[in-house]
Every structure is written in structure tokens, then in C-alpha cells.
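Peer 1: Sequence and predicted structure are below.
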Amino acid sequence: MKNQGFYASFDDIWMVDGVRTPMVDYCSHFGGISPTDLGIKAAREVLRRSGVPAGDIDSVVTGNMAPGDFFQYVLPRHIGLYAGVPMSVPAINVQRICGTGFELIRQAGDQIARGYAEAVLVVGTENMTRNPIAAFGHRTGFKLGAPVEFKDYMWEALLDPAPGVTMPQTAENLAKKYGIGRAEVDQYAALSFERALGAQENGFLDGEIVAVGNESFELEGYATRSIALPPKVAEVRRDTHPRPSPVEVLGKLRTIYEGGVQTGGNSSALVDAAAATIVASGDYVREHGQTALARVVAAAAVGVAPEIMGIGPVAAIRLLLERSGLTLDDIAVFEINEAQGAQVIAVERELGLDRGRLNVNGGAIALGHPLAVTGVRLTITLARELRRSGKRYGISSACVGGGQGIALLIENPDAG
């Protein structure tokens with residue numbers, strides 16, 4: 001399989017449990033919170049819910065794309081320590097941009113398969129609000145009359161300088177390639193909002209969310225960390241971006257690029273959040289009487305052309321299925337990140353997916369796409385949906401800026 005991406009299969013590796021914070025619109029309730037502290041909150045909660053003692057964790061694998069403070073270097077270490085993981089346990093931060101969360105789970109599986117660990121704490125955390133205004137050319141000072149180069153880190157990072165296109169423009173390229181019109185993209189976005197609101201109303205999403213309030217995190221002998229919400233906000237319990245968004249409303253929004261199809265309403269929302277899961281060996285699960293959420297079956301990652309990076313899930317899912325010996329018909333539910341509306345429609349069309357099996361509880365257009373969190377969140381949601389429906393196999397996937405796709409195959413252990 002040379003030069004076709006890579007594939008990894010896992011025989012007896014499990015997601016024990018998973019949880020996330022609410023996903024909160026940027027520049028709002030979570031805006032002042034370090035991504036480290038959001039990660040600690042999710043980590044502590046997944047340990048509590050799963051019943052896995054922090055002392056049983058052998059490795060900590062975290063993801064965080066953009067620094068939310070000056071201390072990103074020690075983010076993985078602090079998440080582990082303040083979650084109660086033993087001092088001797090190592091920690092690492094990983095990034096594969098929008099695919100980071102999937103990569104965390106894959107690397108946890110690899111660590112277990114190689115015998116490095118029996119139980120791994122996986123945490124994705126992202127504070128989009130706190131993306132810095134940055135400059136990279138002023139270390140030697142400011143020359144007289146020279147331009148001051150401070151720029152918005154989050155906005156500038158949307159540009160891929162190799163093809164000279166932004167991430168939304170890659171979706172516009174796919175819209176042209178697949179003949180996707182503005183009305184179709186708005187219809188898809190309206191459905192994403194409708195499904196997310198339904199999942200909130202029926203309580204499904206509540207099952208994976210831990211409420212966030214003002215809280216301190218103690219670590220004996222070290223500084224106390226904390227979460228402080230804005231005045232008059234005592235607690236945040238639900239995702240804040242889902243809202244009634246009919247096609248008629250979405251259709252009135254201005255496109256990002258003249259003549260294009262993407263708008264602020266049919267693109268992924270900017271949110272702040274964290275998500276965590278525990279990945280463990282089958283031996284650990286059985287010896288400790290755990291009821292695992294899902295089995296991690298396989299993972300695949302593939303490169304694609306940067307200017308159509310949004311098509312990445314197609315290549316990753318095809319490789320995943322081919323090497324796993326499965327077909328699309330074997331997969332009951334897909335969670336594919338909705339980076340842009342036209343992008344996910346292109347993936348759907350190229351694969352020939354039934355929309356009734358895709359993002360059935362809403363996607364990133366309605367809920368948000370906190371970069372390093374998304375893969376963990378999607379996989380937790382997918383595992384829970386498989387359990388609710390009694391179905392066996394599910395795939396979570398995302399496109400990756402720069403031109404990649406990544407996908408995970410999971411199995412419901414209780415499927416008939």
C-alpha cells in the first residue's frame with residue numbers, strides 16, 4: 001500500500017468512556033478560560049464517570065492547536081497532573097489540525113498496542129477566543145517606518161500559502177467541482193441546526209456534556225488553577241450555537257466570497273470547548289469490570305490536494321473500509337466534520353452516502369468546530385449513537401487543512 005496513506009488496525013483496544021464540556025460561542029462565556037483548564041475539567045470528569053482511577057493512567061495524550069496563553073508548552077503535563085495522574089506518567093501534545101482529536105485516539109491505540117500503556121487519558125482542548133494577535137518578525141526590534149506585522153492568528157491560519165487559498169475557498173473549489181449551489185448548502189446547514197436542536201431537546205447531547213462552573217483545581221505543593229466564568233454566569237450546561245436556522249434566514253446571509261456558496265451560517269461555528277476519553281486495553285477493561293463505550297477497530301490517514309482539502313474524508317474512509325474488509329453498507333452511522341457546508345456535501349456525494357446515516361445529531365455547522373476537540377467529540381457522539389440505536393459499526397472522520405483526511409472505525413460491543 002505504498003504512498004496510499006497509512007492504516008492501523010487494533011485487535012482489543014477500547015474507549016472506556018467519553019465526555020466533553022459544552023461548546024460555547026467564541027468571545028462569550030469561556031473566553032477568559034485557559035485551554036489547559038478546560039482540558040483539566042474534561043479530564044477529571046471522564047475519570048470520575050468511567051470509574052478509572054487516575055492512578056491507573058499510564059500516558060496522557062492531548063491536543064491543542066493554537067495557544068490560549070503563554071503556557072501551551074506545558075499544557076499536556078498540567079492537564080495530566082491536575083487531573084490526578086501520577087507524577088511519573090509522561091504526557092505529549094499532538095497536532096493534525098482539524099484531525100487532531102482522531103489522531104489522539106489513534107496514538108493512544110498505538111501506545112497500548114506497543115505495550116507502552118494499558119490505559120491512556122486522551123484530551124482535546126481549544127479556546128478559539130484566545131487565539132493570539134501575533135507577530136513573528138519583530139524579535140530584533142521595530143525599524144523606523146517599517147510596517148508593524150501584528151495579525152489575527154486565527155484568521156491568518158485559514159490561509160494555505162502553498163496553493164494560495166483559504167479554507168473556505170477550498171470548499172468553494174469543491175462546490176464548483178461537484179456542481180453544488182448556494183441553496184443546497186443552506187438546506188444542508190438548516191438540517192444540521194434542526195438535528196442539533198432536536199438532540200438538545202430530547203436530551204441526547206446532555207449525556208456527553210459536563211456542566212462548567214466556577215471551580216478550582218488543587219495540586220498539593222503546586223499553584224492552584226481555576227475556571228472563572230464571567231460575572232452573572234454561574235454555570236454553562238449546554239452548547240450555545242444551535243438555534244432555529246431555517247433556509248429562509250440562512251439564505252439572507254452574505255457569502256464570504258462574491259459569487260460563492262459559503263456564508264457564516266453554513267460554515268462551522270467558532271467555539272471554545274474540551275473533550276476527553278479514556279482508551280484502554282481489553283485486558284484492563286476486563287480485569288477492572290469496565291463496560292466500555294466502544295471498541296476502536298482501525299484508523300486511516302491519507303493526503304489529498306491542498307486546494308480541495310475538504311475531500312480528504314473520502315480517501316481516508318475508502319482506505320479504512322478497504323483494509324478493514326467492510327463496505328459502506330456495513331457502516332450504520334457516519335460522523336463527518338462539517339468544516340464547510342459545500343465540503344461535507346462533496347464528501348457525501350463522492351461516497352454516495354445516505355444523509356440519513358450522516359451527522360444524525362447535527363454537526364459542526366450547528367454545534368461548532370473547536371479544532372483539536374472535534375475528533376474526540378465526534379467519536380464520543382458516534383459511540384453513544386451506536387449504543388442508542390443498537391447498531392454495530394460507525395466511522396468518524398474529518399478533512400485536514402493542508403490536504404489530508406483522517407478516519408476512525410469503531411464498533412458497538414453490544415450490537416446484535
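Peer 2: Received it, and whenever you're ready, just let me know what you need.
Peer 1: rest of the way, CA atoms for contacts and neighbours
Peer 2: Noted.
Peer 1: Once you drop chain neighbours, what's closest to Gln4?
Peer 2: Using CA to CA, 6 or more residues apart in numbering and skipping residues adjacent in sequence, the residue nearest Gln4 is Val302, 6.7 Å away.
Peer 1: If you count neighbours, what's buried in the one helix or strand that neighbour maps to?
Peer 2: Assigned by DSSP states H and E, Val302 falls within strand 294-303. By neighbour count on 16 or more other CA atoms under 10 Å, the buried set for strand 294-303 is 294-303.
Peer 1: Tell me how far the residue nearest to Gln4 lies from Pro53.
Peer 2: 36 Å (CA to CA, to the nearest Å).
Peer 1: on that earlier part again, which of the buried residues of strand 294-303 lies closest to Thr166?
Peer 2: Gly303 (17.6 Å; CA to CA).
Peer 1: The closest one reaches Asn3, doesn't it?
Peer 2: No - using CA atoms under 8 Å, Gly303 is not in contact with Asn3, being 9.1 Å away.
Peer 1: what ranges do the helices span in the protein?
Peer 2: Using DSSP state H, the helices assigned to the chain run over residues 35-50, 75-82, 100-113, 153-156, 167-178, 182-201, 247-250, 282-287, 312-324, 341-351, 364-367, 374-389.
Peer 1: Count residues in the vicinity of Ala332, would you?
Peer 2: Around Ala332 there are 18 other residues, counting by other CA atoms under 10 Å.
Peer 1: hang on, it packs against Gly390?
Peer 2: No - counting by CA under 8 Å, Ala332 stays clear of Gly390, with 9.7 Å between them.
Peer 1: Out of the helices of the chain, point me to the one whose mean pLDDT is lowest.
Peer 2: The weakest mean pLDDT among the helices of the chain belongs to helix 153-156, with a mean of 93.
Peer 1: List the buried residues in it.
Peer 2: For helix 153-156, burial by neighbour count (16+ other CA under 10 Å) applies to 153-154.
Peer 1: which residues are in contact with that helix?
Peer 2: 66, 128, 131-134 (CA atoms under 8 Å, 6 or more residues apart in numbering).
Peer 1: Compare those and tell me which is most surrounded.
Peer 2: Within these, Met128 tops the neighbour count with 26 neighbours, counted by other CA under 10 Å.
Peer 1: what about that residue, distance to Glu338?
Peer 2: Note on Met128: its distance to Glu338, by CA to CA, is 17 Å.
Peer 1: and if you look at Pro313?
Peer 2: Applying CA to CA, the value for Pro313 to Glu338 is 11 Å.
Peer 1: go on, Leu158?
Peer 2: From Leu158 to Glu338 the distance is 15 Å (CA to CA).
Peer 1: okay, these two: which has more neighbours?
Peer 2: Taking neighbours as other CA under 10 Å, Leu158 and Glu338 compare with Glu338 leading, 29 against 15.
Peer 1: shouldn't Gly99 be in contact with Ile406?
Peer 2: Yes - contact criterion CA under 8 Å: Gly99 and Ile406 qualify, at 6.2 Å.
Peer 1: show me the contacts for the closest residue in space to Thr166 that isn't next to it in sequence.
Peer 2: The shortest distance from Thr166 to any non-neighbouring residue, by CA to CA, 6+ apart, is to Leu159 (4.1 Å). By CA under 8 Å, 6+ apart, Leu159 lies in contact with 165-167.
Peer 1: Could you provide the residues you listed in JSON lines, with additional columns for neighbour count and distance to Met87?
Peer 2: Listed next are these as JSON lines, based on neighbours: other CA atoms under 10 Å; distance: CA to CA, whole Å:
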{"residue": "Val165", "neighbour count": "16", "distance to Met87": "44"}
{"residue": "Thr166", "neighbour count": "19", "distance to Met87": "42"}
{"residue": "Met167", "neighbour count": "22", "distance to Met87": "40"}
